[in-house]
Structures are given as structure tokens and as C-alpha cells.
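Q: predicted model and sequence below, questions to follow.
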Amino acid sequence: MTGLRDALRRLAAEATEDPRPAAASDTRDLDAAVAALNQAASDTPHWSALSWTPGQPPSRQLRTSGRTASAAVSAIAEETITLFSQDTRHQLRACLAPGCVLYFLKNHPRREWCSAGCGNRARSARHYQRHRQNTA
């Protein structure tokens with residue numbers, strides 16, 4: 001799982017041109033990150049199954065021929081491949097709030113941070129800098 005996490009971080013940094021050194025991945029090579037992602041996606045066969053009981057709404061269930069944890073990692077890798085291979089990858093942004101190393105999808109024109117907490121930290125840091133400069 002650590003290898004997949006590092007690969008995802010490297011791919012996200014590539015897609016967003018992430019300038020943050022603190023968010024750097026241990027996987028430095030783009031080809032290695034792609035290979036790790038593809039390996040994780042192919043590790044465990046998984047498929048969707050439809051379940052529909054009369055009188056109940058239909059539901060989707062994940063089936064696997066291997067361990068459930070391996071299937072979950074494989075499904076995460078599969079969703080990542082979908083994200084990076086579609087135009088939604090252009091919505092991916094690095095959160096530039098102080099101390100944050102996360103990424104988010106910019107699904108609203110005014111969204112600049114991964115969470116409200118990061119937005120508050122960024123605004124507080126700007127406020128502190130303005131007032132610190134005025135008193136010096």
C-alpha cells in the first residue's frame with residue numbers, strides 16, 4: 001500500500017506541477033509511479049455485481065477472487081487510472097495552505113484549499129504576516 005500511495009503522490013504532483021517540497025514522493029520517476037499503479041490495479045481481480053431484492057432499491061457490490069483488502073487497493077488504483085486518464089485530471093490541485101500536503105478536485109471556481117481548516121490556516125497566516133509587518 002505504501003508503494004501505491006507514493007505512486008499516487010508522484011502522479012498527482014506531475015498532474016498539478018506541485019511546487020511543495022514537503023509533498024514530494026519517495027517515487028521520483030514517473031515511469032516507476034505508472035508501473036506501481038498498473039501493478040496495484042492488476043493485483044486482484046474484482047468486479048461489480050448488482051443486487052436487487054424486490055421492494056428494495058438496487059445496489060452495487062464489489063466481488064473479488066482474492067482477499068478483500070487486496071481488492072480494495074486494486075479498486076483504488078483502478079479509480080486513479082480513471083481520474084488521470086480523463087479530463088477531470090485538470091481539476092486536480094495541490095492544497096497550498098501552510099503545512100498541507102494534500103490534493104483536491106477544484107469543483108468550484110472559488111475553491112482554493114482541500115478543506116475549510118486549510119482555508120482558515122491560510123487566512124490566519126496572511127493576517128499574521130500583515131500585522132507582523134505593520135508592527136516591525
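A: Structure received.
Q: where do the helices sit along the chain?
A: 2-16, 30-42, 68-85, 116-135 (DSSP state H).
Q: center of this protein - which residue?
A: The chain has residue 103 as the residue nearest its centroid, 5.7 Å off, counting by CA atoms, centre = their mean.
Q: any chance of the helices of the chain in a markdown table, plus mean pLDDT and mean neighbour count?
A: Quick note: C-beta positions are derived from backbone N, CA and C, even for glycine. Listed next are the helices of the chain as a markdown table, based on pLDDT from 0 to 100; neighbours: other CB atoms under 10 Å:
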| stretch | mean pLDDT | mean neighbour count |
| --- | --- | --- |
| helix 2-16 | 92 | 19 |
| helix 30-42 | 93 | 17 |
| helix 68-85 | 90 | 16 |
| helix 116-135 | 85 | 11 |
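Q: nearest residue to residue 81 other than its sequence neighbours?
A: Take residue 81 and drop its neighbours on the chain: the residue closest to it by CB to CB, 6 or more residues apart in numbering is residue 41, 5.9 Å away.
Q: the one you found reaches residue 77, doesn't it?
A: Yes: using CB atoms under 8 Å, residue 41 is in contact with residue 77, at 3.8 Å.
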